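Pasting a predicted model and its sequence here:
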Amino acid sequence: MKKTIAISALALAVSFGSISCKKKVSDADLQTQATTVVTSNPGVTVEVKEGVAHLGGTFASQEEKDAAIKALKEIKGVKDVHDMAKVEAATAPVQTTSAVDPAIQQKVQDAVKDFPSVKVEVVNGELTLTGNVSSVQARKIKESVDALKIGKYNNNLVVK
């Protein structure tokens, strides 16, 4: 009988010891795992405090946000996920149109047609002349373009 009680006491002590030795996952370990989950979403952050993941930042779609929340909840040791993130669809870049009237651009091209090294382009919304010319050619081009009275233009001709 004494042997049975001693063995039972020993078994009980071992079982309590193993329960108390169960490791609690640290916030640092959880933070590492949680950060890995959200790295594929730039602009998204996660911080783990006391086993709770705090999700912040901006997602491109609701599906991406839901997937991240689900993945965070699946991390062993995460008690809850506080969702403070937003969803904003990526905006398409605004396509700007030229501020230069195509008719004016054509008039300038006609005025410099005798100078094949000169290009007439619209750069950043402004009419721009580029190319390599002699000083005599540069003077003739300037006079021709100024005679059109088109207003401001960029003369980026290189005089050689």
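Sure thing, it's come through. Model, not experiment: these values are computed from the prediction. Numbers count the residues shown, from 1 in each chain.

right, and the secondary structure at the residue nearest to the spatial centre of the chain would be what?
The centroid of the chain falls nearest to residue 42 when counting by C-alpha atoms, centre = their mean (6.2 Å). Following DSSP: H, G, I helix; E, B strand; the rest coil, we place residue 42 in the coil state.

Tell me how far it lies from residue 117.
Distance of residue 42 to residue 117, given as C-beta to C-beta, to the nearest Å: 45 Å. For every residue, glycine as well, the C-beta is placed using N, CA and C.

Then residue 150?
As for residue 150, its distance to residue 117 is 21 Å (criterion: C-beta to C-beta).

pLDDT at the residue nearest to the centre of the chain, what is it?
In the prediction, the pLDDT value recorded for residue 42 is 84.

Kindly report the same for the one 4 residues further on.
We note a pLDDT of 92 for residue 46 in this prediction.

Am I right that it falls within a strand?
Yes. Under three-state DSSP, residue 46 falls within a strand.

host element of residue 142?
Here residue 142 sits within helix 135-147, counting by DSSP states H and E.

Which parts of that helix count as buried, going by neighbours?
Neighbour-count burial for helix 135-147, with 16 or more other C-beta atoms under 10 Å as criterion, is recorded at 137-138, 140-141, 144-145.

Tell me the one of those nearest residue 65?
Closest approach between those and residue 65, by C-beta to C-beta: residue 145, at 55.5 Å.

This structure: strands as residue ranges?
Per DSSP state E, the chain carries strands over the ranges 44-49, 52-59, 80-83, 86-87, 119-123, 126-133, 154-159.

Output these as TSV; include the columns distance to residue 106 and mean neighbour count.
Shown next, in TSV, are the strands of the chain (distance: least, C-beta to C-beta, whole Å; neighbours: other C-beta atoms under 10 Å):
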stretch	distance to residue 106	mean neighbour count
strand 44-49	50	18
strand 52-59	45	18
strand 80-83	57	16
strand 86-87	47	12
strand 119-123	9	15
strand 126-133	11	17
strand 154-159	17	14
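
Any idea which of those gets closest to residue 28?
Nearest of the strands of the chain to residue 28, taken as C-beta to C-beta: strand 44-49 at 8.2 Å.
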